[in-house]
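In: show me the folded form of this:
(chains A and B)
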Amino acid sequence: NAGVTQTPKFRVLKTGQSMTLLCAQDMNHEYMYWYRQDPGMGLRLIHYSVGEGTTAKGEVPDGYNVSRLKKQNFLLGLESAAPSQTSVYFCASSYFGFRGNSPLHFGNGTRLTVT
Amino acid sequence: EDKVVQSPLSLVVHEGDTVTLNCSYEVTNFRSLLWYKQEKKAPTFLFMLTSSGIEKKSGRLSSILDKKELFSILNITATQTGDSAVYLCAAMNYGGSQGNLIFGKGTKLSVKP
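Out: Numbers count the residues shown, from 1 in each chain, chains lettered A, B, ... in the order given. Got it, this is the predicted structure:
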């Protein structure tokens, strides 16, 4: 019972490099989310998806892109990494989303450092 | 602006103590209040509270919501070192096209043997 799986677990990038974070869930959830967590800031929503082929912006979307080509996968891309994107990134999924009042299930996070 | 405020930000107790963590919220179109426990990795879901005054309980943990005063508490009795974690509170609303989940900054609990 894997739940939500994120890869990689750790990554160090140089400024200007690009990378993609992968999130996979095996719970058949429609809704998927990408958050970042920074000290003293709490969890902030970057982008989310309400179903296969759909994406939408969250609270802090600048500098990130996402894709949801398959229902079980949600990819987060950084096209040109900046030191301000140093953070821990969490993927989450849920059955019915916020309006459906269903809790989020989180992955174990990716710790990204941009030098 | 919607906000969730947790207090205290950090807390150190000894095994066996009882602790109360606080969460207040100011959220439009409020739907429910959630508690998560975060150790080294993923936040893990503890409780979802939708109705005022109804206590939810799981082992030594319990939580209650007061929708009139806009706050929730998380109680942990007979604390153990394994309870050491950051406890996150989040308010879910149904405003806008999809609603939102607004997180507090967390309370870091350290339980000493």
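
In: against A:Tyr95, how distant is the most far-flung residue of chain B relative to its centre?
Out: Here chain B reaches farthest from its C-alpha mean at B:Ser97, the gap being 25.6 Å by CA atoms, centre = their mean. From B:Ser97 across to A:Tyr95, the span is 18 Å (CB to CB, to the nearest Å). Every C-beta, even on glycine, is put in place using the N, C-alpha and C of the backbone.

In: ok, the residue in chain B that chain A sits nearest to to A:Gly51 distance?
Out: Using CB to the nearest CB, the closest approach of chain B to chain A is made by B:Gly99 at 3.0 Å. The gap separating B:Gly99 from A:Gly51 is 15 Å, by CB to CB.

In: which of these two has more neighbours?
Out: Counted by other CB atoms under 10 Å in any protein chain shown, B:Gly99 and A:Gly51 do not tie: B:Gly99 has more neighbours, with 17 against 13.

In: returning to that earlier point: who touches the nearest residue to the residue farthest from the centre of chain B once chain neighbours are set aside in this structure?
Out: Nearest non-adjacent residue to B:Ser97, counting by CB to CB, 6 or more residues apart in numbering or on different chains: A:Ala56, 8.0 Å away. A:Ala56 sits next to A:47-50, B:97-98 when contact means CB atoms under 8 Å, 6 or more residues apart in numbering or on different chains.

In: residues from chain B in reach of chain A?
Out: Remark: the part of chain B in contact with chain A comprises B:31-32, B:34, B:36, B:41-45, B:48, B:50, B:88, B:90, B:92-94, B:97-101, B:103-106, using CB under 8 Å from any CB of the partner chain.

In: picking up where we left off before, roughly how far does the residue nearest to B:Ser97 sit from A:Lys71?
Out: Taking CB to CB, one finds A:Ala56 at 16 Å from A:Lys71.

In: A:Gly100: what's it in contact with?
Out: Applying CB under 8 Å, 6+ apart, one finds that A:Gly100 lies in contact with A:Ser94.

In: mind checking which helix or strand the residue nearest in space to the middle of chain A is in?
Out: Nearest to the mean C-alpha position of chain A, counting by CA atoms, centre = their mean, stands A:Trp34 at 2.6 Å. With the criterion set as DSSP states H and E, the secondary-structure element containing A:Trp34 is strand A:31-38.
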